[in-house]
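Q: predicted model and sequence follow; I will ask about them next.
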Amino acid sequence: MEFETIQYHVADRVATITFDRPDKLNAITPEMIRELGAAYARAEADDDVWLLLVTGNGRAFCAGASVTDIPEDGKGIAPEPFLSVYGHWEAPQEATPPFRTMAKPIITAVNGLCCGAGLDLVTTSDIVIAADTAEFFDPHVSIGLVSARESVRLARVLPRTVALRMALTGRHERMNARRAYELGLVSEVVPAASLLERAYEVAALVNRNAPLAVRGTRLAIHKSLDLPMHEGEILAETYRERVNLTEDALEGPRAFVEKRDPKWQCR
């Protein structure tokens, strides 16, 4: 599949997905939603891919949904007839990877302006790195719309009062990268010129580990966040037990005893 609104590239076990509408600040269109869905599915199904890295071209990471593509009937930017498929009854995901149903980890590299639906990748990705030029805000209330899932997700990552301030000030106040780091919205801030280099370094660190163990660990955290502690612990142990049945679970201790680097087979 050839893409028009994004770029897709695989190297060194990393699938890089790049928003590629720089002249429109990488605003999300129906076509972009379709292409991103296909790219995420391709990466998840590709055995040569162990990790996804999402970033943007130009001075913006993602400016949210394209306002010019929002229909006057208020039914969002879903490409199919409204309410025709199950996904329309769920919270819209737009540019967000299917983080609840995929196993592979996601790194987001925020290269610039990030707002609206672009915030979803910051709040749902596993590791977020930001350029020092990145800025974050939520413009929904400034254009007459309710900040819905975006604010709900922000309030799970940021302190409640900070999430409320971002949601209620709209486009009239922006959070810079340093403040985002201080509050835990991103895990690292680097010079803009070094962003992708650093993101690939972190990706390589993750990929040095057993890929199935990484996926099981990621799922254990994500799936237990909404559970009481004890139930979360039991669920996490089921993932450990599954991975213990794999060849990589034998290779790791064997390599440690033999004082060599493990050779992961992802099986």
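A: Ah, there it is. Bear in mind that the values here come from a model prediction, so they are computed numbers and not experimental data. Residues are numbered from 1 along each chain as shown.
Q: okay, now residue 159: neighbour count?
A: 11 (other CB atoms under 10 Å). From N, CA and C alone the C-beta is placed, and that goes for glycine too.
Q: could you number the chain from 111 rather than 1 from now on?
A: In the new numbering, first residue 111, that becomes residue 269.
Q: ok, it - contacts?
A: Applying CB atoms under 8 Å, 6 or more residues apart in numbering, one finds that residue 269 lies in contact with residue 293.
Q: how close does it get to residue 237?
A: 21 Å (CB to CB, to the nearest Å).
Q: how close does the one residue sitting closest to the centre of the chain sit to residue 337?
A: Note on the chain: the residue nearest the mean C-alpha position is residue 235, at 3.2 Å, using CA atoms, centre = their mean. Counting by CB to CB, the gap from residue 235 to residue 337 is 21 Å.
Q: and if you look at residue 353?
A: Separation of residue 353 from residue 337 (CB to CB): 20 Å.
Q: who has more neighbours out of those two?
A: More crowded of residue 353 and residue 337, by other CB under 10 Å: residue 353, with 16 against 13.
Q: correct me, but that one touches residue 326?
A: Yes - between residue 353 and residue 326 there is a contact under CB atoms under 8 Å: 4.7 Å.
Q: could I get the full set of helices for the stretch 211-360 of the chain?
A: For the stretch 211-360 of the chain, helices defined by DSSP state H, counting those that start in this stretch occupy the ranges 229-234, 259-267, 270-279, 287-292, 305-317, 321-334, 339-353, 357-367.
Q: nearest to residue 113 among these would be which one?
A: Among the helices of the stretch 211-360 of the chain, helix 229-234 comes nearest to residue 113, with 17.4 Å by CB to CB.
Q: that closest one packs against which elements?
A: strand 216-220, helix 259-267 (3 or more CB pairs under 8 Å, 6 or more residues apart in numbering; DSSP states H and E).
Q: could you rerun that using 10 Å?
A: Under the contact criterion of 3 or more CB pairs under 10 Å, 6 or more residues apart in numbering; DSSP states H and E, helix 229-234 touches strand 161-166, strand 170-172, strand 216-220, strand 223-225, strand 237-241, strand 245-247, helix 259-267.
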